[in-house]
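Peer 1: please find the sequence and the predicted model below.
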2 protein chains.
Amino acid sequence: MTEVLNAPVENRLLAALPADEYERLRKDLQPVSFSLGEVVYEFAGQLDYVYFPTTSIVSLLYTMENGSSAEMGLTGNDGVVGIALFMGGGTMPNRAVVQSAGAAMKMKAKVLQDEFAKAGKFQQLLLRYTQALITQISQTAVCNRLHSVEQQLCRWLLLSHDRLNTDELVMTQELIADMLGVRREGVTVAAGRLQDDGAISYVRGRIQILDRQKLEQTVCECYRVVKDEVDRLLG
Amino acid sequence: MTEVLNAPVENRLLAALPADEYERLRKDLQPVSFSLGEVVYEFAGQLDYVYFPTTSIVSLLYTMENGSSAEMGLTGNDGVVGIALFMGGGTMPNRAVVQSAGAAMKMKAKVLQDEFAKAGKFQQLLLRYTQALITQISQTAVCNRLHSVEQQLCRWLLLSHDRLNTDELVMTQELIADMLGVRREGVTVAAGRLQDDGAISYVRGRIQILDRQKLEQTVCECYRVVKDEVDRLLG
DNA sequence: GGCGGTCTGTGCGTTAGACCACATATATTA
DNA sequence: TAATATATGTGGTCTAACGCACAGACCGCC
């Protein structure tokens, strides 16, 4: 466990740093543990740290005034939570919620900003990640408009699976529904079909990915666009 | 006409530059004229210039393999087209199409990148605009999931109207449908209702905004979130 | 074991919007 | 002034997803 916590290089952004830059930053990175449902930042809330997930996944989502919500993107070991801190706005009009419990490395906002200002490799990586995130959010917009709940569920499962080193997702259908911005029953039906196909198995908040290929057959092109772009920009 | 073309400060990003920086960049800005439907950049296409719209509006949209499309955001005199050039990726997996004919100032990619690397006010403005764009795209994702065609049409009309200095939008329902990712008939019906309300009048590709207040009553909260964030970040 | 809480499955009426088929109205050009 | 192309209006059918109401199923705890 501590082994995992002390392995910041499990985050792709940090792992891509040159050795000397990484050595310099190392002392400013502290391990943290996120539990499911924990709120990393709130609508318009000031952030003191940025977080580099290693084994956790954090969802970015917007909650409407009437309580309904929808996810616009998710960040795992490929990125960083808190881009507003280097983009200059400080805050963002959305929330970040832990979607899969696990570990992350945190860094003080001030340290990050100073490092960003050096215009080195770190800045380059942060901006490239941000561009990849833009693509992810864009594709979410398109997918929300044009594709079925089942396709979107597949996209979501695949994106999450890519960011974990396990085949088990701990997640109730209720929570998935909140992420996708659909009804819980809609998720039940879509998940039921995937289960009948043998793609996944689902038992009370535990999804096993049994057959990725089947998911990839069902998913819309949106998944591929996002994945290819992440690989191109950070790979 | 040339008067307009020679007034780059009609773009809010350029207008926000300190006098000395603006003077330095001035010689690198050339006026261009965009016609309706012109493609500014193509899926994964390399860009030689970035564009600062002054009286034009450019839509960012994704076209699916089957030909259907949806917009994820739009840029007018508040921003810049071609963020991939300073974000580091070079290209983006989407298209940029002129949604409202008019003028823009263009700048060579190399000049922009050199200027960006100076980490001055210009960089700060570009990053802040990018953050505002992220909010716009995010809200499009949420809106696509949760709101009606009529509300989305209102959002789209208001966002466009904010970026123009006229009450007339030149735009067929067919094209609006492509932007919103809905059927043309759906736009006809929604626009018909707005027309009955006296909010707009619609004649063969020419929309008159008659009563902004009525639009703002019908629109969902998404519009406000985007507008407030743009004002906060660039205002 | 029994009991309350939390998940998941299912059925049914309702609805927004898709898809299809034209009718009509306004431009453009011959 | 026809003839043609383009833009908009309208009505019908179909379907995915919603909203609601409950019925199981599994979980932990007393």
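Peer 2: Received, thanks.

Peer 1: which SSE is A:Ile207 in?
Peer 2: strand A:206-209 (DSSP states H and E).

Peer 1: in stretch A:89-99, what's buried?
Peer 2: A:89-99 (16 or more other CB atoms under 10 Å in any protein chain shown). C-betas here are computed from N, CA, C, even on glycine.

Peer 1: just the CA trace of that stretch, in CSV.
Peer 2: Output of stretch A:89-99 as CSV, limited to C-alpha atoms (Å, rounded to 0.1, in the frame of the first residue of the first chain):
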residue,chain,number,x,y,z
GLY,A,89,-8.6,31.3,-13.6
GLY,A,90,-8.0,29.8,-10.2
THR,A,91,-11.4,28.1,-10.0
MET,A,92,-13.8,26.4,-12.4
PRO,A,93,-17.6,26.3,-12.5
ASN,A,94,-17.9,22.6,-11.8
ARG,A,95,-17.1,19.9,-9.2
ALA,A,96,-14.5,17.2,-9.0
VAL,A,97,-15.6,14.0,-7.3
VAL,A,98,-13.6,10.8,-6.6
GLN,A,99,-15.1,8.2,-8.9
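
Peer 1: those strands in chain A, which residues are they?
Peer 2: In chain A, the strands defined using DSSP state E lie at A:30-34, A:39-41, A:49-53, A:57-63, A:69-75, A:95-100, A:102-108, A:168-170, A:200-203, A:206-209.

Peer 1: now the ones you listed in a markdown table, please, with extra columns for distance to chain B and mean pLDDT.
Peer 2: As requested, these are exported to a markdown table (distance: least, CB to the nearest CB, whole Å; pLDDT from 0 to 100):
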| stretch | distance to chain B | mean pLDDT |
| --- | --- | --- |
| strand A:30-34 | 22 | 96 |
| strand A:39-41 | 14 | 97 |
| strand A:49-53 | 14 | 98 |
| strand A:57-63 | 5 | 97 |
| strand A:69-75 | 4 | 97 |
| strand A:95-100 | 11 | 96 |
| strand A:102-108 | 19 | 97 |
| strand A:168-170 | 21 | 96 |
| strand A:200-203 | 23 | 94 |
| strand A:206-209 | 22 | 96 |
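
Peer 1: how about those, which one is nearest B:Glu23?
Peer 2: strand A:49-53 (36.0 Å; CB to CB).

Peer 1: show me what the closest one is packed up against.
Peer 2: Secondary-structure packing of strand A:49-53 (3 or more CB pairs under 8 Å, 6 or more residues apart in numbering or on different chains; DSSP states H and E): strand A:102-108, helix A:109-117.

Peer 1: now with 6 Å, please.
Peer 2: strand A:102-108 (3 or more CB pairs under 6 Å, 6 or more residues apart in numbering or on different chains; DSSP states H and E).

Peer 1: partners of the strand it packs on, with directions?
Peer 2: Under the criterion DSSP bridges, strand A:102-108 sits next to strand A:30-34 (antiparallel), strand A:49-53 (antiparallel) in its sheet.

Peer 1: mind checking how far the first one is from the chain centre?
Peer 2: Same thing as strand A:30-34. 16 Å (CA atoms, centre = their mean, to the nearest Å).

Peer 1: same question for stretch A:195-203.
Peer 2: Taking mean C-alpha positions (CA atoms, centre = their mean), stretch A:195-203 and its chain are 23 Å apart.

Peer 1: same question, stretch A:178-185
Peer 2: With CA atoms, centre = their mean, you get 18 Å for stretch A:178-185.

Peer 1: what number of residues lie near A:Ala101?
Peer 2: 15 (other CB atoms under 10 Å in any protein chain shown).

Peer 1: can you give me the buried ones in the strand holding A:Ile207?
Peer 2: Quick answer for strand A:206-209 (16+ other CB under 10 Å): A:207, A:209.

Peer 1: could you do stretch A:162-175 as well?
Peer 2: Neighbour-count burial for stretch A:162-175 [16+ other CB under 10 Å]: A:162-164, A:169, A:171-173, A:175.
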